[in-house]
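[1] based on what follows, work out the 3D shape:
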Amino acid sequence: MQGLVVYDSVYGNTEDVAIAIADEIKELGHHAELWVLKECGIPKKIDADFLFVGSPTRIHNMTRRAKKFIKELDPKGLGSRPILFFDTEFESVIAANGHSAAQRMHDLAKLRGLNAKEPVLKCGIVESQGPLSPDALDKARRYVRDFIGTLS
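    This is a model prediction of the structure:
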């Protein structure tokens, strides 16, 4: 199967999570492509069987690039292909179950008729510019394994 990991990153933390997700997809015997919204823009055509979309949480929301990407996804073109969402945010926000980029991206995608999957992945950061929490990358890898396990 082919996975596409699309992400926006400000300080590199969300990028680290995206790379861990792509690496785990490959480790499980599938193909994965990384797509950096800041550098590559929005892909015209998506050939992947599933997508992971990530953004840092910025003032309780996703980045503008991530929002634009989700708004430009074609529900008819994607059909029932699953889309999973991840973000990086303060550990305290995760603990309080506060607003996050991942949940807002999920809700926007669902509203648009896309096959947005739950739960979303929230990876903690220690300070505003990072680093990631010590368990963040392991959490991302488990998230991928759990999802891939549903495909068999």
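
[2] only C-alpha atoms from now on, for both contacts and neighbour counts.
    Noted.

[3] need the phi and psi values for residue 72.
    phi -90, psi 0 (degrees, to the nearest 10).

[4] in the lowest-mean-pLDDT helix or strand in the chain, which residues are buried?
    The helix or strand of the chain with the lowest confidence, counting by mean pLDDT, DSSP states H and E, is helix 91-95 at a mean of 88. By neighbour count on 16 or more other C-alpha atoms under 10 Å, the buried set for helix 91-95 is 91, 93-94.

[5] so can I have JSON lines of the residues you listed showing distance to residue 35?
    Below are the buried residues of helix 91-95 laid out as JSON lines (distance: C-alpha to C-alpha, whole Å):
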{"residue": "91", "distance to residue 35": "26"}
{"residue": "93", "distance to residue 35": "27"}
{"residue": "94", "distance to residue 35": "26"}
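
[6] and the contacts of stretch 142-152?
    Identification of contacts with stretch 142-152 by C-alpha atoms under 8 Å, 6 or more residues apart in numbering yields 21, 24-25, 28, 121.

[7] mind listing what's buried along it?
    Using 16+ other C-alpha under 10 Å as the test for burial, stretch 142-152 gives 143-145, 147-148.

[8] narrow these to those in helices?
    Members of the buried residues of stretch 142-152 lying in helices (criterion: DSSP state H): 143-145, 147-148.

[9] okay, now the unreliable bits of the protein?
    Scanning the chain for pLDDT under 70 picks out 152.

[10] can you rerun that using 80?
    For the chain, the stretches with pLDDT under 80 are 44, 98, 152.

[11] using the three-state scheme, assign residue 48.
    Of the three states, residue 48 takes coil under DSSP: H, G, I helix; E, B strand; the rest coil.

[12] pop out the phi and psi values for it.
    The phi/psi pair for residue 48 (degrees, to the nearest 10) is phi -70, psi 150.

[13] ok, residues contacting the least confident helix or strand of the chain?
    Contact with helix 91-95 is made by 99-100, 122-126, 133, as judged by C-alpha under 8 Å, 6+ apart.
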